[in-house]
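> Coordinates for the following, if possible.
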Amino acid sequence: MIDETVHLAMGLGRPSKGRLLRWRAAAQRILKRSQQYRNLSDEELLNLGKDVRWRAKTGIPLRHLLDETFALGIEASRRTTGMEHYLVQIMGGMAIFEGGIAELQTGEGKTLTATLPTLLRALPGKGAHVVTVNDYLAERDAAEMAPIYNALGMSSGCILTPMETDERRDNYACDITYGTAKEFGFDLLRDRLRQGVAVGGQRRRTMFTDLSGGEAPVQRGHYSVLIDEADSILIDEARTPLIIGLTLPNDAATVSLFRWCHRAVSHLEANVDFVYEPERRSAYLTDHGCRKVLLLGKPALIDAIDTERIYKHIEQALTAKFAFLRDRDYVVVDNEIMIVDEGTGRIMEGRKWQDGLHQSIEAKELVPITAASGEAARITVQNFFKLYSHIGGMTGTAVQCAREIKKVFGLKVTAVPTHRPCIRKAAPTRIFATNEAKRRAIIDSIDDYVKAGRAVLVGTPSVDASEALGQMLRDRYIKHQILNAKYPEEEAAIVAQAGDCGKVTVATNMAGRGTDIKLTDELKKAGGLHVIATEMHSSKRIDRQLIGRAARQGDPGGYQFFLSLEDELLRCLTPEKHRAVISKAFPNRFGELSRNWLSFFQKTQRYLEKMHYKQRREMLKQDKQRTESYRRMGLDPCLELTEH
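Presented below is the predicted three-dimensional model:
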């Protein structure tokens, strides 16, 4: 307590400054202590690890074991992986352990940072979970960090999508378990479903009774969690609850209804028969539209379907037509609709849109229509992580959402200094009237950088945009690689080559999180990696993740934004407002506009950030009311099954 007061005073009364000073002093102390372990044998190091673990299990507070555990972790890492923790990584580890989000700039080694607080939280033997954004990163991080844990007598595991129940249970039994929020959340829901159904198929009335008979749960509790890319998981993914579907009958009448609705919407007139709201990505029928739908000819199969259901599916067909675009929001793989995550650019395996929207998109793309799903169990991302006794996290971009993280999760966000000064150079943003003019300018810019011996990473917002740019590069005979949701298995190989001189990589947001582009010495001499952002995203944090690929850990590099009035960012505008904006544009002969237009894009981005925040807040409010209602009835809030 005295130590905290002294450092707070040294930080001129600013809590974050005081915390950083305290952590820096402790980190220096820990580094000195770790050097004392260098002469120990591997067996002696293992015995020290077992000893500190025994003391934690006897009830000694973990904060009293922090220095020793961190020092042991640093030495174990040096021996087993050849990687040594920097001062700022130790500071980040302390920020996470104390129940906060550490903002560590991209390239500062968050994977290694996570090992220290994870080791400390794993000591009591109650299980420490490490959450990453996808299976690829979970498997990679678990494999690379396992030797550190093993050297101190800790076991580690990883939860992956294809795993069966017994294999999952074995991995959860490990001291440390890596996985995605999706897998951890769905395993919780499956456990709740197991607990919610007793022998004989009778539904239990309460989540608090013990399981008698039946299959044991795979998870053994929710003691500690460390969330990598915390802003992506806690904020970006929080608008979509985790839902286990209950397959509904897929009869011929239902399939016929989806097909007919897709054809019927072509007969409806915008702003007369229906209104489409781009900012909400939804459509609704007017009274005039309802009458027109009633009068349209229908197949005999759907005669028995009630009118309200027909209206609902017409509105979903309109939403599918106007709000969801192929190769932007989804891709078609082997005649299946696969959702593309807006924030990461990756395919969301096993996910489906609810309320018939997924089937409406299948009808639109003329692929086989799958069975619709209801809800058997659900939980929001926010409520899932609130189950844990101890939460910590790290990311490269948390400051912008610090207030929301503090309000929802009670976690402090602290920006940790970089190991080396950042020398990233920003080129002026260029703005164009059309996508065509913008892409021509981007190609010219790429050509110039390649001739100068630089490597270029081009960030695009969608699969479609990445392939359109790729075609223009082929037309100019510029060699390049494309990284998007259609080629996920090639990600590691493409990223491994992206740091060579003259390399051009065109990528969706897949290149934004968790990828480390290592530069060759020749490229460093030539000026490093140059990032071209072809659009502003719906969140400034995603933009920061992309430009953070350049100039990591003191390397040279730079970035530049290219924008146009046809960008996807502006799809939130109504057609009338969009046309009004375009009418005010007076480009030069190259199609370029004044930089004064930049404020318009920034204002639109802030509008979308506020709208998404309101959506998350509203979902939290509804979920809180629903949870309280279920608890009053003595039911599990996660389960959607109705009592019979």
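
> For the stretch 301-450 of the chain, give me the ranges with low pLDDT.
343-344, 374 (pLDDT under 70).

> Which parts of it are strands?
Counting by DSSP state E, counting those that start in this stretch, the stretch 301-450 of the chain has strands at residues 330-333, 336-339, 373-379, 390-395, 412-415, 425-426, 430-432.

> how about those, which one is nearest Gln219?
When these are compared by CB to CB, strand 373-379 sits nearest Gln219, at 12.9 Å. The way it works is simple: take the backbone N, C-alpha and C, and place the C-beta from them, glycine included.

> Please put the alpha-carbon coordinates of the closest one into CSV.
Extracted C-alpha coordinates of strand 373-379, given in CSV (Å, rounded to 0.1, in the frame of the first residue of the first chain):
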residue,chain,number,x,y,z
SER,A,373,-32.4,-23.2,-36.3
GLY,A,374,-34.1,-22.0,-33.1
GLU,A,375,-32.3,-21.4,-29.9
ALA,A,376,-31.6,-24.2,-27.4
ALA,A,377,-29.1,-22.2,-25.3
ARG,A,378,-27.5,-18.8,-25.5
ILE,A,379,-25.2,-16.4,-23.6
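
> hmm, back to that, closest one to Pro637 among the strands of the stretch 301-450 of the chain?
Evaluated over the strands of the stretch 301-450 of the chain, closeness to Pro637 peaks at strand 373-379, with 7.8 Å, by CB to CB.

> quick one: buried residues of that closest one?
By neighbour count with 16 or more other CB atoms under 10 Å, strand 373-379 contains the buried residues 373, 376-379.

> Against which helices or strands is that strand packed?
helix 181-196, strand 242-247 (3 or more CB pairs under 8 Å, 6 or more residues apart in numbering; DSSP states H and E).

> Mean neighbour count added to those, as TSV?
Listed next are these as TSV, based on neighbours: other CB atoms under 10 Å:
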stretch	mean neighbour count
helix 181-196	21
strand 242-247	17
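
> Any chance of CSV for the ones you listed, columns mean pLDDT?
Below are the helices and strands packed on strand 373-379 laid out as CSV (pLDDT from 0 to 100):
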stretch, mean pLDDT
helix 181-196, 88
strand 242-247, 76
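
> is it possible to export these to JSON lines including distance to Gly107?
Output for the helices and strands packed on strand 373-379, formatted as JSON lines (distance: least, CB to CB, whole Å):
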{"stretch": "helix 181-196", "distance to Gly107": "23"}
{"stretch": "strand 242-247", "distance to Gly107": "31"}
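
> which residues are contacting stretch 467-475?
Defining contact as CB atoms under 8 Å, 6 or more residues apart in numbering, one finds that stretch 467-475 is touched by 327, 439-440, 442-443, 446, 458, 460, 480, 482, 484, 504, 506, 534.

> Number of residues surrounding Gly153?
Residues near Gly153, counting by other CB atoms under 10 Å, number 16.

> Okay, it and Ala122: tell me how far apart.
Distance of Gly153 to Ala122, computed by CB to CB, to the nearest Å: 10 Å.

> same check, this time on Lys17
Using CB to CB, Lys17 is found at 31 Å from Ala122.

> Who has more neighbours out of the two?
Ala122 (27 against 15).

> okay, the more buried one: pLDDT?
Looking at Ala122, its pLDDT is 97.

> Surely it is in contact with Cys174?
No - using CB atoms under 8 Å, Ala122 makes no contact with Cys174, being 9.0 Å away.

> picking up where we left off before, with distance to Arg552 as added columns, please give the strands of the stretch 301-450 of the chain in a markdown table.
Formatted as a markdown table, these follow (distance: least, CB to CB, whole Å):
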| stretch | distance to Arg552 |
| --- | --- |
| strand 330-333 | 30 |
| strand 336-339 | 30 |
| strand 373-379 | 36 |
| strand 390-395 | 15 |
| strand 412-415 | 16 |
| strand 425-426 | 14 |
| strand 430-432 | 24 |
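
> And the chain, split by domain according to the record?
87-243+381-415, 250-371, 425-593 (automatic domain parsing).

> In this protein, which helix is the longest?
Identified as the longest helix of the chain according to DSSP state H is helix 598-632.

> that older thread, and the strands of the stretch 301-450 of the chain: which comes nearest Met83?
Using CB to CB, the nearest of the strands of the stretch 301-450 of the chain to Met83 is strand 390-395, at 16.5 Å.

> which helices and strands does the closest one pack with?
On a contact count with 3+ CB pairs under 8 Å, 6+ apart, strand 390-395 meets helix 87-97, strand 100-103, helix 110-122, strand 224-228, helix 230-234.

> can you give me the angle the third one makes with strand 390-395?
Relative orientation of helix 110-122 versus strand 390-395 (axes from the mean of the first three to the mean of the last three CA atoms, to 10 degrees): 170 degrees.

> Just want the angle from helix 110-122 to helix 87-97.
Here helix 110-122 runs at an angle of 40 degrees relative to helix 87-97 (the same axes, to 10 degrees).

> now do the fourth one
An angle of 130 degrees separates the directions of strand 224-228 and helix 87-97 when computed by the same axes, to 10 degrees.

> what is the rounded mean pLDDT of strand 224-228?
Averaging pLDDT along strand 224-228 gives 96.

> would Ile74 count as being in a helix?
Yes - under DSSP: H, G, I helix; E, B strand; the rest coil, Ile74 falls within a helix.

> And it, how close does it get to Thr81?
11 Å.

> quick one, which of these two is more surrounded?
More crowded of Ile74 and Thr81, by other CB under 10 Å: Ile74, with 26 against 16.

> what about the residue nearest to that one when sequence neighbours are not counted, which helix or strand?
Distance criterion CB to CB, 6 or more residues apart in numbering; nearest residue to Ile74, sequence neighbours excluded, is Ser34 at 4.1 Å. Assigned by DSSP states H and E, Ser34 falls within helix 15-35.

> can you give me the angle that helix makes with helix 110-122?
Using the same axes, to 10 degrees: helix 15-35 against helix 110-122 is 80 degrees.

> Could you identify the helix or strand that succeeds helix 15-35?
Past helix 15-35, the next helix or strand by DSSP H and E is helix 42-57.

> Buried residues in that following helix, which are they?
Result for helix 42-57 [16+ other CB under 10 Å]: buried residues 45-46, 48-49, 52-53, 56.

> CA atoms of stretch 98-110 as PDB?
This file holds the C-alpha atoms of stretch 98-110, laid out as PDB (Å, rounded to 0.1, in the frame of the first residue of the first chain):
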ATOM      1  CA  GLU A  98      -4.000  -7.000 -11.400                       C
ATOM      2  CA  GLY A  99      -7.200  -7.300 -13.300                       C
ATOM      3  CA  GLY A 100      -6.700  -4.900 -16.200                       C
ATOM      4  CA  ILE A 101      -6.200  -4.600 -19.900                       C
ATOM      5  CA  ALA A 102      -2.700  -3.900 -21.000                       C
ATOM      6  CA  GLU A 103      -2.400  -2.000 -24.300                       C
ATOM      7  CA  LEU A 104       0.800  -3.300 -25.800                       C
ATOM      8  CA  GLN A 105       1.600  -2.000 -29.200                       C
ATOM      9  CA  THR A 106       1.500  -4.500 -32.100                       C
ATOM     10  CA  GLY A 107       4.800  -6.300 -32.400                       C
ATOM     11  CA  GLU A 108       5.700  -6.000 -28.600                       C
ATOM     12  CA  GLY A 109       5.300  -9.800 -28.000                       C
ATOM     13  CA  LYS A 110       1.900 -10.200 -26.400                       C
END
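
> so how far is that stretch from its chain's centroid?
16 Å (CA atoms, centre = their mean, to the nearest Å).

> Could you do stretch 75-85 as well?
Remark: stretch 75-85 is offset 29 Å from the chain centroid, using CA atoms, centre = their mean.
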